[in-house]
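J.: Curious how this folds, go ahead:
(chains A and B)
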Amino acid sequence: MSLRIFIADDEAPARERLKELLQDIADELATEVVGEARHGLEAIELVPKSGAQVLLLDIEMPGMRGLEVARHLAGLDGGPAVVFVTAHDKHAVEAFELNALDYLLKPVRAQRLAAALKRAAAGQAPRSEQLAAQSAHLSESREYLSVTERHRIVLVPVRDIVFLRAEQKYVTLRTKGRTHLIEEPLIALEREFAKRFVRIHRNCLVAREAIRGFERAAPSHDEPHWLVVLDGIDERLPVSRRQWPMLRELVSDKSLR
Amino acid sequence: MPSIRQNAFSDLLPDFRNLGVIARLLVAVNAVALVAAIYATQTLRAALERFIEDAAFLEPLLFLEVTVLFTASRLLGRLPYVIGCSTVITVAAVLAAFYDAGVASVLHSQPATLRSAFFAAAIAAGLLGYFRLLVKAFSPALAEARLQALQSRIRPHFLFNSINAVLALIRRDPKRAERTLEDLADLFRSLVSDARRFVRLSDEIALLERYAEIEQLRLGERLRITWELDAAPSDALLPPLVLQPLLENAVYHGIEPATEAGDVLVRIERRGDRVLARIENPVHDAGPERVGNRMAMDNIRERLALFFDAEARMEARIEAGRYCVEIEIPYLTQARRAA
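T.: Just a heads-up that it's a prediction; the model follows:
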C-alpha cells in the first residue's frame, strides 16, 4: 500500500521538485501523489475529496496561507496529517517547534522528506488547538471561518460576518444572506478577532462595521434597555447593561468620524 | 567609472550646479549677514533694519557669485582640489571688489573694495571648509547605506525559493538551470558590489531582466511583465540597485499574494534633462499585509539623496487600482561628468 500524498504549493517548480524527491525515495517509502493545489483555496476544495493521508503544505501561498488551510482541514473527519514546508520563515519555524508540528525547510532534502512522511504516516492530523496556538503565536487571524460538511469545507469570509451568537452547544454565525452553525467557543473567537468584533452581550459578538445605531427597547415592566440596529439585517440584538457604556462610546467615536 | 569613493571625497569641489549646494550657499551667507547685523547693533529691531539694509547690498552680489560658479562649475571640477579652492576664493573676492566699486560709483558713496573682497574671500573659504566637512560626514553614512542595502536586498524568501526552483530544473532542463544559476550569480554580485559607485542604466536594466527571468521561472504565467524601455537612455548614470528592489517589491506585493495572473509595468524614459523610471503592479487588499516594503523604499530614497541631494524625486501612490512607484533623477552620463 503506498502512502497517498497531496502537494500544495503555489510555485510549479517547487511541486515538481517534491515529486522528484518522492520518486527518489520510492524504494524506501512507496508513495502516490493523489492531488496538487496551486493556492490555499484550491487546497481546501481538493484535499477533502482526494483521500490523501499526508498533505505537504507550503506556508506562503496566495489565496489562503498554509497555516489557515491546516486549521480548516483539522475539522475534517479522517483529514490528512500535515507536513508544513517553508522557505525561510524564522518565526513560523520557532512556533512549529513549540507546538510540535512537523515542518520541512526548502530546499527539501530527500532524507528529511522520507523521515517526515514516515512520522506523518504513523501519527495523526494536527489537532486544531495545536494549530490555533501556532496562529496565536504568529499573531495571525483567519480570514475565513469554516463549516465542515461530509466531504466538503464551506468557507465563510470573516469580513462578511455580521454577528456571532452562542447558543447551547453551538455558535450561530450570521452573514447578510445566511446562517451557519460552528463549533468554536465564543471566547476564542472574541480573542482572535478582537479588532473586528465587539461584545454586546454575554453571548454575542457583533462586527463593528455592521453597527448602524442603537434603539431603545419598547418600554415594558422592566428597566429600559438598548438594541443594536444592524446593517442589512432586520433582527435587533439586545445590549447587556454591562456592555452599554463601552458601546455608547464606540458609537460616539463613529459619528464623530 | 565615476564614483563618490572614499579618496575622492576630500578632493572634490562641491557641484555648484546642484540645488542642494546652491541652497546651502544662500542660506549660509544670509545667516552670516544676520549674525553680523546682530553683533553690530544694540537692539533686535536695529539688527533687523541693519540686516535688511545689508541684504539689499548683498543679495545681488550673491546671485552674481552663484551664477558665475554655476557656469564655471564644470571647469572648476577639472582643476586639482587645492587650485580649485583658490580659484573659487579668488573669483569670490574679485567679483565682490568689482561689485562694491560699481555700487559705490552708482550711489556716489565711498567704495570699500578691499574690505568687500576680504569678506567675500573669508566666507568662500569658510563655505568650502563646510562642504568638505559635509562630504566627509556623509562617507560613513554611505558605508552604512551600503550595508543596509545589502541587508534589505537579500530577501531570504526569494533566495531559497530560487534555489529550490533551480533544483527542480537540473534534471529536466539542465541548460535552463545553468542559465538561472548564472542569473542568480550576477544578481548577487551586484548585491555585494560597491554601493557608492554609479552604474550605467543599461547595466541596471540587464540586472532587472536577469531578476525577472528568475521570477518568471518560479511564478510562470502568473507573472506578466511589460517592458517599455525604448526611450531609456542607456548611458545614464544612477546609484546601483535602485530599480531592482522596486521590481522585487512589485512582484512580492503585486503578484505573489494573488491567485490570478497579474501585470507589472516597467517604464524607463528620458525627458530632457531628467530620467524617469516607473514601476506599476496590481494592488491586493486581501490577505495579511506583507511587510518590508517601507524599509526598501526608505533605503532607496536615502541613497538617491546621497547621490543627487535634492535633485532626485521618488513617489509612490495608488492610481486606478494599481500601485505606482516613480523615480526621477537628473540625466547624468559619464561624458557629462568628465566634461
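
J.: buried set for the helix or strand where residue B:56 lies?
T.: For residue B:56, the host element (DSSP states H and E) is helix B:44-78. The neighbour-count check on helix B:44-78 (16 or more other CB atoms under 10 Å in any protein chain shown) flags B:47, B:50-51, B:54-55, B:58, B:61-62, B:65-66, B:68-69, B:73, B:76-77 as buried. For glycine as for every other residue, the C-beta is placed from the backbone atoms N, C-alpha and C.

J.: Pull up the per-residue confidence for the nearest residue to residue B:260 once chain neighbours are set aside.
T.: Spatial nearest neighbour of residue B:260, excluding adjacent residues (CB to CB, 6 or more residues apart in numbering or on different chains): residue B:222 at 7.6 Å. Per-residue pLDDT puts residue B:222 at 95.

J.: my guess is residue B:222 contacts residue B:261, does it?
T.: Yes: between residue B:222 and residue B:261 a contact is recorded at 4.9 Å, counting by CB atoms under 8 Å.

J.: still on that earlier bit, wait, which of the buried residues of helix B:44-78 is closest to chain A?
T.: Chain A has its nearest neighbour among the buried residues of helix B:44-78 in residue B:77, at 46.6 Å by CB to the nearest CB.

J.: Excluding sequence neighbours, find me the nearest residue to that closest one.
T.: residue B:13 (6.1 Å).

J.: any idea how far that neighbour lies from residue B:71?
T.: The gap separating residue B:13 from residue B:71 is 14 Å, by CB to CB, to the nearest Å.

J.: Residues of chain B that sit close to chain A?
T.: Neighbours of chain A within chain B, by CB under 8 Å from any CB of the partner chain: B:156-157, B:159-161, B:163-165, B:167-169, B:171-172, B:217-220, B:222, B:256-259, B:286-288.

J.: Give me the subset of those residues lying in helices.
T.: Per DSSP state H, helices hold the following members of those: B:156-157, B:159-161, B:163-165, B:167-169, B:171-172, B:217-219.

J.: Weed out the non-buried ones from the residues you listed.
T.: Here, 16+ other CB under 10 Å leaves B:157, B:160-161, B:163-165, B:167-169, B:217-219 buried among these.

J.: could you pull out the helices for the stretch 101-250 of chain B?
T.: Using DSSP state H, counting those that start in this stretch, the helices of the stretch 101-250 of chain B run over residues B:113-153, B:156-172, B:174-191, B:201-219, B:244-254.

J.: TSV for those helices, including mean pLDDT?
T.: Shown next, in TSV, are those (pLDDT from 0 to 100):
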stretch	mean pLDDT
helix B:113-153	76
helix B:156-172	91
helix B:174-191	91
helix B:201-219	94
helix B:244-254	91
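
J.: would you turn those helices into TSV with distance to residue A:194?
T.: What follows is these, written out as TSV (distance: least, CB to CB, whole Å):
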stretch	distance to residue A:194
helix B:113-153	32
helix B:156-172	29
helix B:174-191	41
helix B:201-219	35
helix B:244-254	26
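
J.: Of all those, which one comes closest to residue A:84?
T.: With respect to residue A:84, and counting by CB to CB, the nearest of the helices of the stretch 101-250 of chain B is helix B:156-172 at 14.4 Å.

J.: Next, the angle from that closest one to helix B:201-219.
T.: With axes from the mean of the first three to the mean of the last three CA atoms, to 10 degrees as the basis, helix B:156-172 and helix B:201-219 are set at 70 degrees to each other.

J.: what angle separates helix B:156-172 from helix B:244-254?
T.: 90 degrees.

J.: what inclination does helix B:156-172 have with respect to helix B:174-191?
T.: 150 degrees.

J.: is it true that the residue nearest to residue B:77 touches residue B:83?
T.: No: counting by CB under 8 Å, residue B:13 sits too far from residue B:83 to count as a contact (10.0 Å).

J.: Pick out whichever of those two has more residues nearby.
T.: More neighbours surround residue B:13 than the other of residue B:13 and residue B:83, with 21 against 10 (other CB atoms under 10 Å in any protein chain shown).

J.: quick revisit: residues in contact with the residue nearest to residue B:77?
T.: B:76-77, B:79, B:81, B:84-85, B:88, B:128, B:131 (CB atoms under 8 Å, 6 or more residues apart in numbering or on different chains).

J.: For those residues, which ChimeraX command selects only the ones that are buried?
T.: In ChimeraX, a selection of the buried entries from the contacts of residue B:13 looks like this (16+ other CB under 10 Å):
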select /B:76,77,84,85,88,128,131
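
J.: returning to that earlier point: turn the buried ones among the ones in helices among the residues of chain B next to chain A into CSV, including distance to residue B:101.
T.: Shown next, in CSV, are these (distance: CB to CB, whole Å):
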residue, distance to residue B:101
B:157, 69
B:160, 73
B:161, 73
B:163, 74
B:164, 77
B:165, 75
B:167, 79
B:168, 80
B:169, 78
B:217, 73
B:218, 72
B:219, 72
